[in-house]
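Novice: 3D, please:
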Amino acid sequence: MVLPRPRGHLITEQRNPRSSELDRLSVREILELINAEDATIAAAVKGAIPRIEQFVERVAKALLAGGRLIYVGAGTSGRLGVLDAAECPPTFSVAPEMVVGLIAGGRPALTSSIEGAEDRPEDGSIALAALNPGPNDCVLGIATGGTTPFVHGALELARQRGAFTGFLVCTSESGLEARADVIIPVVVGPEVITGSTRMKAGTATKLVLNMISTTAMVKLHKTYGNLMVDLKALNDKLWERGSRIVAEITGRDFEAAYKLLQAAQGDVKAALVMHHRDESLTAARRRLEAGQGDLRQVLEAGD
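Specialist: Purely as a prediction, here's the structure:
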């Protein structure tokens, strides 16, 4: 008989004294307790910002050089990685292969629990090897307890291939230092329901992934101020949003902004350059390409 690996020492598995009488509480009391525990998450994330910064600096450089950001996780952690990756193309008009999410168990694990899929490090190595990671890539392992074999296997392969690696955990970094170039410990403490890391740890993970991908995309010139200018109008909602952005930056009314966006074939950045430079779509796109997509640089250039 082979006993399971001990995990009781992990803070994510320990019992929360504040919820020890959870089943005795009223509905209102349970909701208020969960809310009070959730209120501590932002502070835990704030404490990890220096490590997040180290990782994002490398991610931005990698993406500018044509590399990728690859998330690797299992269960909730894997699903959150896949979700963040899936939202980058529609939000920032990047190619789907720029930010990739790998989850133990593959696509079926996105909607069904496949718990045993995370137990073999070689499966993580095989899954990542299919993407052929290299020195231009950044790989972020995500495991709230820091022990997931699937993630360990993927990180080991990533380091062997020369990729830059990060490890996002919700426990102490002690003993994990050799697993990745940057350890990102976001210690949110015991869960309201013992071991249910889809709760505080899951929320913390979502916050950190939002920070990583959003900050990297800003550094890739995907925004102008806080406006989502690297937007391609592909449906009614995006045509409306794109037109509002064009109207706000150019000072045109909504109808005129919509017509300009139509002339730019739904390309917000190109529409803005066309207005500012009074030139054709072809010329605007050529100017943006020369400026590496940096709209501010193009609009503020003196020539």
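Novice: where in the stretch 201-303 of the chain is pLDDT low?
Specialist: Confidence mapping of the stretch 201-303 of the chain against pLDDT under 70 gives the ranges 302-303.
Novice: Show me where it has its strands.
Specialist: Using DSSP state E, counting those that start in this stretch, the stretch 201-303 of the chain contains no strands.
Novice: do the same with the stretch 1-150 of the chain
Specialist: So, for the stretch 1-150 of the chain - with DSSP E, counting those that start in this stretch - the strands run 69-73, 99-103, 138-142.
Novice: Redo those strands as TSV? Include mean pLDDT and distance to residue 152.
Specialist: Backbone N, C-alpha and C define where each C-beta goes, glycine included. Output for the strands of the stretch 1-150 of the chain, formatted as TSV (pLDDT from 0 to 100; distance: least, Cβ to Cβ, whole Å):
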stretch	mean pLDDT	distance to residue 152
strand 69-73	98	10
strand 99-103	97	13
strand 138-142	98	7
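Novice: Output those strands as CSV; include the columns distance to residue 55 and mean neighbour count.
Specialist: Below are these laid out as CSV (distance: least, Cβ to Cβ, whole Å; neighbours: other Cβ atoms under 10 Å):
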stretch, distance to residue 55, mean neighbour count
strand 69-73, 10, 29
strand 99-103, 14, 25
strand 138-142, 7, 30
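Novice: contacting residues around residue 82?
Specialist: 71, 101, 102, 103, 110 (Cβ atoms under 8 Å, 6 or more residues apart in numbering).
Novice: ok so, going back, out of the strands of the stretch 1-150 of the chain, which gets nearest to residue 281?
Specialist: strand 99-103 (28.0 Å; Cβ to Cβ).
Novice: Residues touching that closest one, excluding its own?
Specialist: Contacts for strand 99-103 (Cβ under 8 Å, 6+ apart): 68-74, 78-79, 81-86, 88, 109-110, 124, 127-128, 131, 154, 213.
Novice: sorry, back to before: between the strands of the stretch 1-150 of the chain, which one is nearest to residue 223?
Specialist: strand 99-103 (16.0 Å).
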